[in-house]
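>>> quick one: sequence and predicted model below, then my questions.
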Amino acid sequence: QVQLVESGGGLVQAGGSLRLSCAASGRTYSRPVMGWFRQASGKERQFVATINWSGTSTSYGDSMKGRSTISRDNAKNMVYLQMDSLKPEDTAVYYCAAAKTMTPWASRYDYWGQGTQVTVSS
């Protein structure tokens with residue numbers, strides 16, 4: 001059974017930084033692509049970033065482009081999202097997910113974590 005568990009969320013002031021982590025266990029695909037999404041209250045789930053298996057290719061959504069960095073450590077089965085210069089509009093539940101190919105479409109991700117809340121105060 002696949003489990004994705006996010007951590008690292010919390011309350012931070014505008015302009016601050018947070019590093020989210022996602023621990024993966026169980027078998028997904030042979031070389032899973034990992035992604036981060038976020039969902040603010042009352043809004044649709046939004047693509048944040050994705051990274052390929054080797055970590056050599058990344059892609060970012062417009063919402064946090066230039067302010068976030070996705071990375072992974074396959075030896076530890078971990079994926080990270082470093083978020084800087086946070087804004088109140090970044091407040092959301094952040095999810096990590098696994099897919100077969102790099103894509104910004106949430107529907108293409110088969111495995112999801114339970115999410116971690118990020119709240120940015122002004």
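In hand now; what should we look at? Residues are numbered from 1 along each chain as shown.

>>> residue contacts, the closest residue to residue 85 other than its chain neighbours?
Leaving aside its sequence neighbours, residue 85 sits nearest to residue 67 (Cβ to Cβ, 6 or more residues apart in numbering; 4.8 Å). Glycine gets a C-beta too; all of them are placed from N, C-alpha and C. The contact partners of residue 67, taken as Cβ atoms under 8 Å, 6 or more residues apart in numbering, are 83-86.

>>> so what pairs up with the residue nearest to the spatial centre of the chain in the strands?
With distances taken as Cα atoms, centre = their mean, residue 36 lies nearest the centre of the chain, 2.3 Å away. With DSSP bridges as the criterion, residue 36 is bridged to residue 49, residue 96.

>>> measure it to residue 93 for me?
11 Å (Cβ to Cβ, to the nearest Å).

>>> picking up where we left off before, isn't the residue nearest to the centre of the chain up against residue 49?
Yes - using Cβ atoms under 8 Å as the test, residue 36 is close enough to residue 49 to be in contact (4.9 Å).

>>> list the contacts of stretch 6-17.
In contact with stretch 6-17 (Cβ under 8 Å, 6+ apart) are residues 18-23, 82-88, 93-96, 113-122.

>>> what about that stretch, start to end distance?
16 Å (Cα to Cα, to the nearest Å).

>>> and if you look at stretch 91-108?
Stretch 91-108 end-to-end distance (Cα to Cα) = 24 Å.
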